[in-house]
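A.B. asks: A predicted structure for the sequence below; I have some questions about it.
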Amino acid sequence: MRIYMDWQEAYEEIKRDLAEMGISVYPKTMQDKYVEGNLDYSTKELQNYCYTILNAKSEDVKPYTIQPWADAEFEERIDSDGNVNPGEAYKLREEIWNEYMHDGKFAYTYNERFFRNEQLEKIISRLKNDNDSRQLWLSVWDCNEDVDKLGGISRVPCSLGYNFQFREGKLNIHYVMRSCDFNTHFNNDVYLGIKLLEYVAKRCNMEVGNFTHTMFSLHVYRKDLKNVF
C-alpha cells in the first residue's frame, strides 16, 4: 500500500502507476452496456490498488471535481429521507447520467443504499457509544440484489462500501471499490469519500484522520487516454 501526505501527491503518483504498470483488459460489459469488440472500451488497468492519504481534506480535492454536481450529489447521499431516486443532482451532469436512467429512476442511488436498514445512522450511533469498534461497515453493495444484475443486465454499484475506524484520537475511513474509472469518476469518488468521512466525524465530534482507498480495478478507457496521459 502506498502512503501519501496529500491529495496532489497521491493523484500524480497514482496516474504514473497507471501509465507505467497498467495492463490491457478487454471487458464485455460496461455497467448495463454491452461493449464486447468495441476497442474504445478496452482499458488500461491496475488491479487491487490501495493507497492512503494522511490527514485527508476534501477542500484539497474539490478543485479537481465536477462542481456543482459533486456537492449536490453528496447532499443527496446523506439526505435522511432514504428514498432519493433519481433526485436532482444528476441534472447537473446529465451527459453522464441520463443514459443510466430507466423508467424515470436509476437502478440504485447511494442515498437508498446508505439508509437501507438505517445503516448510516446506526454506524454513527455505534461510533458515539463504542468508538473502538471493528464493525463499522457501511455497505453499498447488496448481495440480495446486485448479484442478479451482473453481465450487463443492469447497473450495479462500483462502490462496495466504507469502513470507519476511530484510532489514536482520529476517525479514519477505508473506501472499497470493485471498479473505478480514473478519467470520469476517480477525483469525484475520492472527494465524496472524504466528504463522508468529514460528515461522520462532525456528527460524532471527532477529528478527521486518514483516507484509505482500495480499488479492485482502477482503469482508464482507451477513448479517454488522451485526457489522462
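C.D. replies: In hand now; what should we look at?
A.B. asks: what residues sit buried inside the strand ranked longest in the chain?
C.D. replies: Counting by DSSP state E, the longest strand found in the chain is strand 207-221. Within strand 207-221, the residues scored as buried using 16 or more other C-beta atoms under 10 Å are 208-221. The way it works is simple: take the backbone N, C-alpha and C, and place the C-beta from them, glycine included.
A.B. asks: neighbours of Thr109, how many?
C.D. replies: 23 (other C-beta atoms under 10 Å).
A.B. asks: from Tyr51, how far off is it?
C.D. replies: Distance of Thr109 to Tyr51, computed by C-beta to C-beta, to the nearest Å: 27 Å.
A.B. asks: check Asp181 too.
C.D. replies: Asp181 is 17 Å from Tyr51, by C-beta to C-beta.
A.B. asks: just to revisit the earlier point, how far out from the middle of the chain is the next helix-or-strand element following the longest strand of the chain?
C.D. replies: Using DSSP states H and E, the helix or strand that follows strand 207-221 in sequence is helix 225-228. Taking C-alpha atoms, centre = their mean, to the nearest Å, one finds helix 225-228 lying 21 Å from the centre of the chain it belongs to.
A.B. asks: so what touches helix 225-228?
C.D. replies: The contact list for helix 225-228 (C-beta atoms under 8 Å, 6 or more residues apart in numbering) reads Lys15, Leu18, Lys44, Phe182, Asn183, Val220.
A.B. asks: could you give the angle of the lengthiest helix in the chain to strand 207-221?
C.D. replies: When the chain is parsed with DSSP state H, its longest helix is helix 186-203. Compare the direction of helix 186-203 with that of strand 207-221 by axes from the mean of the first three to the mean of the last three C-alpha atoms, to 10 degrees and you get 160 degrees.
A.B. asks: buried stuff in helix 186-203?
C.D. replies: Residues 186-201, 203 are the ones in helix 186-203 that count as buried (16+ other C-beta under 10 Å).
A.B. asks: CA atoms only: put that helix into PDB for me.
C.D. replies: Taking C-alpha atoms only, helix 186-203 is exported to PDB below (Å, rounded to 0.1, in the frame of the first residue of the first chain):
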ATOM      1  CA  PHE A 186     -11.900   8.900  -9.700                       C
ATOM      2  CA  ASN A 187     -11.500  12.500  -8.400                       C
ATOM      3  CA  ASN A 188     -15.200  12.700  -7.600                       C
ATOM      4  CA  ASP A 189     -15.200   9.300  -5.800                       C
ATOM      5  CA  VAL A 190     -12.200  10.400  -3.600                       C
ATOM      6  CA  TYR A 191     -13.900  13.800  -2.900                       C
ATOM      7  CA  LEU A 192     -17.200  12.200  -1.900                       C
ATOM      8  CA  GLY A 193     -15.400   9.600   0.200                       C
ATOM      9  CA  ILE A 194     -13.500  12.200   2.200                       C
ATOM     10  CA  LYS A 195     -16.700  14.300   2.500                       C
ATOM     11  CA  LEU A 196     -18.400  11.300   4.000                       C
ATOM     12  CA  LEU A 197     -15.500  10.900   6.500                       C
ATOM     13  CA  GLU A 198     -15.800  14.600   7.400                       C
ATOM     14  CA  TYR A 199     -19.600  14.400   7.800                       C
ATOM     15  CA  VAL A 200     -19.500  11.400  10.100                       C
ATOM     16  CA  ALA A 201     -16.500  12.900  12.100                       C
ATOM     17  CA  LYS A 202     -18.500  16.100  12.600                       C
ATOM     18  CA  ARG A 203     -21.600  14.200  13.700                       C
END
